[in-house]
Each structure stands twice: as structure tokens, then as C-alpha cells.
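*Asks:* Would you be able to build a 3D model of this:
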Amino acid sequence: MTFILGIIPARGGSKGIPNKNITNLRKKPLLAHTIEAAKKSSLLHDFILSTDSEAIARCAAEYGLRSSSLRPPELSSDEANSVDVAIYEIQKYENEHNVSVDIVVLLQPTAPMRTSVDIDCALNLFFKSNTASLISVYEATTNHPNLMYYLNNDKLEPILEEGRRLKRRQEYKPVFIRNGALYIVNKEQLVDRKSFVCANPTAYIMSRERSVNIDDPFDLELAEWMMSRHPNESE
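*Replies:* You can find the predicted model right below:
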């Protein structure tokens, strides 16, 4: 059996929003939205919390997700990266449960509008693909790189050369932006290549409206508004 493990990384430190992962969104902690989506997935075999915070661990436990221990300090600093955290959690899980993890699904709490349907559809798409990883994305429109510039001595330089030529947005080649909602990767890619993203990952396309990623208070307000308009889509 191919064993699929979900990992919810939730560090205590946050500069944009203090205690971000346990800040309320739609009358429940931000973290709870991801826990509930993972619970409803029919394809995840198990999922765990990775945190360095007692407060986050207690919050997760209130929503039915208990963590066996906190991350070590070296994986809790600003310099710690998600790959090292995931590898640590995989090894700990395999030792504690005597099981070999094959596929990892990273579920960041900052993407509260990702649902259990997204998790399962993305996993099905991943298994149909021939790539080592999948990432969730949305199509760029107003933030297309043809509309972007570098600032050089108070003068603007187009990021893309075709931005100098193309005038109509209909001419733009579609580009896609990672939204942070889903990273799916096989263990070999993660452990051996130290990356969640292979050279040509499969894309799971989500709408721009459901791709809000919570980084600052404006994102939180936007998510609150979007979820109030489409409450069923975030359940």
C-alpha cells in the first residue's frame, strides 16, 4: 500500500500577524480550517501537526489533532526550512508507527480555503501524472509578469522583454502562481533532492478567489470576506 502522510506545519513565531496560526478566522482558529479539511480527506492515511509552540499544540488538540512532541529548537528558527522540518517529521512518524511513508502532502494553515475535495482531487491528479511532485497554483491576471517592472535609478525596466511589445492582455501567455495550499511530493524527491518541487511539477489549478494565503492583516480580512460570500467552498 502506498502510504500518504499529511503534514501541517505551524510555527509559533509570526511577524505579519502575531500568533497567526491560532488567530480567529470565521469564528475558529486559522489552523482549524486546515485540520478540518485534512480530517475529511478520503485519501490521506494520516496527518500530523509539526509545531514548536505549546499554544498551537493545545489549539490543534481542541480540534482533534494531537502532536506527540514539539519540534527541536534547530527546526524552529526563522532560518529553518520546510524541507528539513518535513524530513524530520517523516522519520519521527516512521519510527513511532513502524510504517514507511511514500507520499507527503504539505498542508500550510495559511491557505484556509483549500478543502478536502482539493486534497483528494490533487492526489488523484498526482497519481495520474509522471512527476515527482505537484503544487497548487492560480492563474495570474492583473499580476502578470508582462505588467511588472524592475526599478533601476528611478527608471522602469520590464521584467519580460515581451512586455515591451504586447499591448493587449489577450496576447499574454498564461502564467501561474503558487498559492501555498498544496504541495504533494514523493519521499525520494523530498529526502534525496531536498525539495518539494521537482523540475516539472504537476499543476493543480485553483481559482484566484480561493487562493488567498494569509501573510498579513489585509490577507486575513480578504479571507474573512471571501469565506463569508462562499461559506460552503471553505468547508
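*Asks:* how about the helices in this structure?
*Replies:* Secondary structure of the chain (DSSP state H): helices at 30-40, 54-62, 82-97, 116-128, 162-165, 187-193, 217-229.
*Asks:* Which parts of the third one count as buried, going by neighbours?
*Replies:* Neighbour-count burial for helix 82-97 flags Ser82, Val83, Val85, Ala86, Ile87, Tyr88, Glu89, Ile90, Tyr93 (criterion: 16 or more other Cβ atoms under 10 Å). (C-beta placed from N, C-alpha, C; glycine too.)
*Asks:* for the last one, same thing?
*Replies:* Residues of helix 217-229 classed as buried under the neighbour-count rule (16+ other Cβ under 10 Å) are Asp219, Leu220, Ala223, Glu224, Met226, Met227.
*Asks:* Could you give the separation of that helix from the chain centroid?
*Replies:* 17 Å (Cα atoms, centre = their mean, to the nearest Å).
*Asks:* tell me which strands and helices it is in contact with?
*Replies:* strand 24-25 (3 or more Cβ pairs under 8 Å, 6 or more residues apart in numbering; DSSP states H and E).
*Asks:* Mind checking the pLDDT average for the strand it packs on?
*Replies:* Averaging pLDDT along strand 24-25 yields 96.
*Asks:* give me phi/psi at the closest residue to Gln189 other than its chain neighbours?
*Replies:* Spatially, and ignoring its direct neighbours in sequence, Gln189 is nearest to Ala132 (3.8 Å; Cβ to Cβ, 6 or more residues apart in numbering). Per-residue torsions, Ala132: phi -90, psi -10 (degrees, to the nearest 10).
*Asks:* ok, Ala132 - contacts?
*Replies:* By Cβ atoms under 8 Å, 6 or more residues apart in numbering, the residues touching Ala132 are Val185, Asn186, Glu188, Gln189, Cys198, Pro201.
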